[in-house]
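**Student:** here are the coordinates; sequence isn't available:
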């Protein structure tokens, strides 16, 4: 049994190291591409196709006005941009808030019974006649230049969807500072996956599509409460190209409580597992390149390896505590003060410590690159410490819940 435990441990560490090295190699290969992309977007473009942005709303009276205001403030020709606001059977003052925009000729307001986000967006899609269409969640806010940093990608007729970079809006507690770092890591990861043609999520906050995507592939589906993930997998299955614009920034309000965070992330993980089952033909299929042969399989395996690694660390703490208790019972409490000393002889030079140190070092370096890519420069702040010391031990909470819900086919809720 100890040998089997060691085998799983080494396999988990190998997966972690392999993926980190793969990301670093990808980053080295695409640095020039990222620089050229930034320079091209900075020069601007005269390409201004018509765009429709859909804002589905359910009980968002506190944020929806600011969301719509951020869209109206986009630096884009007014005659080329229109909005469709959909009230999905809200029970608060959301509909009244939407009607404050009644006099704006660029805005269309729809009201329907509650049916879920996908039904709200699908209702709006029936009215869309523009070249491009996107969605913005009613708790998110776009930067004025965001659309101009997305639209130029569509000059390449092969590209069918462009995703933005999502950041945390005004973090004010430990959990939100942790999420701020996590979202920066996601910005780096999505940019690398973009270069590999392996994006498997088109996030609700401001992903933009060619309108013909929905004409050809159909509307959004319920998709286990993760319609954005299902749409991306459907596009990948049909070889539709999705890319990421890391310079297009969108800010979203994140959960403030641990309960809210666990529920949100459990839904995301549950959606990944179940959409993965629905699109199992993508896995280990060389016809789908990196996403089929590498990204989707390793993302699935990492769920289980993460649980094992955290469990291994926690058990180490428990085992040490048990040893201390046994020692106390045997010889009582003893205290001996000695001056700290260091001797190279006692450094553990085994394979396992070397792999662990290497993996931690690579993690820190990727985190540095992530923050630099997300913010334009690296600046140390307290959120980094919160992330490094707390995040790892929070992840199993939603992974376990998602696995439990998947195995026992339990329904998950949006909130």
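**Tutor:** Yep, that arrived. All values derive from a computational prediction rather than experimental measurement.

**Student:** what are the boundaries of the strands in the stretch 201-350 of the chain?
**Tutor:** With strands called from DSSP state E, counting those that start in this stretch, the stretch 201-350 of the chain shows them at 208-210, 241-252.

**Student:** the longest helix seen in the chain to strand 241-252, inter-axis angle?
**Tutor:** Using DSSP state H, we find that the single longest helix of the chain is helix 2-43. Relative orientation of helix 2-43 and strand 241-252, computed by axes from the mean of the first three to the mean of the last three Cα atoms, to 10 degrees: 90 degrees.

**Student:** could you shift the numbering so residue one becomes 43, and keep it that way?
**Tutor:** Sounds good: first residue 43 from here, last item helix 44-85.

**Student:** against which helices or strands is the helix or strand hosting residue 401 packed?
**Tutor:** Element membership for residue 401 (DSSP states H and E) is helix 393-417. Judged by 3 or more Cβ pairs under 8 Å, 6 or more residues apart in numbering; DSSP states H and E, the packing partners of helix 393-417 are helix 44-85, helix 216-238. C-beta coordinates here come from the backbone N, C-alpha and C atoms, glycine included.

**Student:** who touches the next helix or strand after it?
**Tutor:** In the C-terminal direction, the helix or strand that comes right after helix 393-417 (DSSP H and E) is helix 424-428. Defining contact as Cβ atoms under 8 Å, 6 or more residues apart in numbering, one finds that helix 424-428 is touched by 213, 216, 219, 220, 222, 223, 409, 413.

**Student:** buried set for the helix or strand just after helix 424-428?
**Tutor:** Later in the chain than helix 424-428, the nearest helix or strand by DSSP H and E is helix 434-449. Within helix 434-449, the residues scored as buried using 16 or more other Cβ atoms under 10 Å are 436, 437, 438, 440, 441, 443, 444, 445, 447, 448.

**Student:** against residue 176, how distant is the closest residue to residue 437 other than its chain neighbours?
**Tutor:** Spatial nearest neighbour of residue 437, chain neighbours left out: residue 348 (5.9 Å); criterion: Cβ to Cβ, 6 or more residues apart in numbering. Applying Cβ to Cβ, to the nearest Å, one obtains 32 Å for the distance of residue 348 from residue 176.

**Student:** wait, doesn't residue 188 sit right on residue 293?
**Tutor:** No - with contact defined as Cβ atoms under 8 Å, residue 188 does not reach residue 293; the gap is 9.9 Å.

**Student:** so these two - more neighbours on which side?
**Tutor:** The residue with more neighbours, out of residue 188 and residue 293, is residue 188; 27 against 19, by other Cβ atoms under 10 Å.

**Student:** check contacts around the more buried one.
**Tutor:** If a contact means Cβ under 8 Å, 6+ apart, then residue 188 has 116, 206, 248, 290, 291, 292 as its contacts.

**Student:** mind putting those into TSV with neighbour count, pLDDT and distance to residue 155?
**Tutor:** Shown next, in TSV, are those (neighbours: other Cβ atoms under 10 Å; pLDDT from 0 to 100; distance: Cβ to Cβ, whole Å):
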residue	neighbour count	pLDDT	distance to residue 155
116	19	98	30
206	29	97	30
248	30	96	26
290	25	96	33
291	21	97	34
292	24	97	29
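
**Student:** could you pull out the strands in the stretch 43-192 of the chain for me?
**Tutor:** Assigned by DSSP E, counting those that start in this stretch, the stretch 43-192 of the chain shows strands spanning 93-99, 123-130, 149-154, 174-177, 182-184.

**Student:** can you say which of those strands is nearest to residue 235?
**Tutor:** With distances scored as Cβ to Cβ, the stretch of the strands of the stretch 43-192 of the chain nearest to residue 235 is strand 174-177 (19.4 Å).
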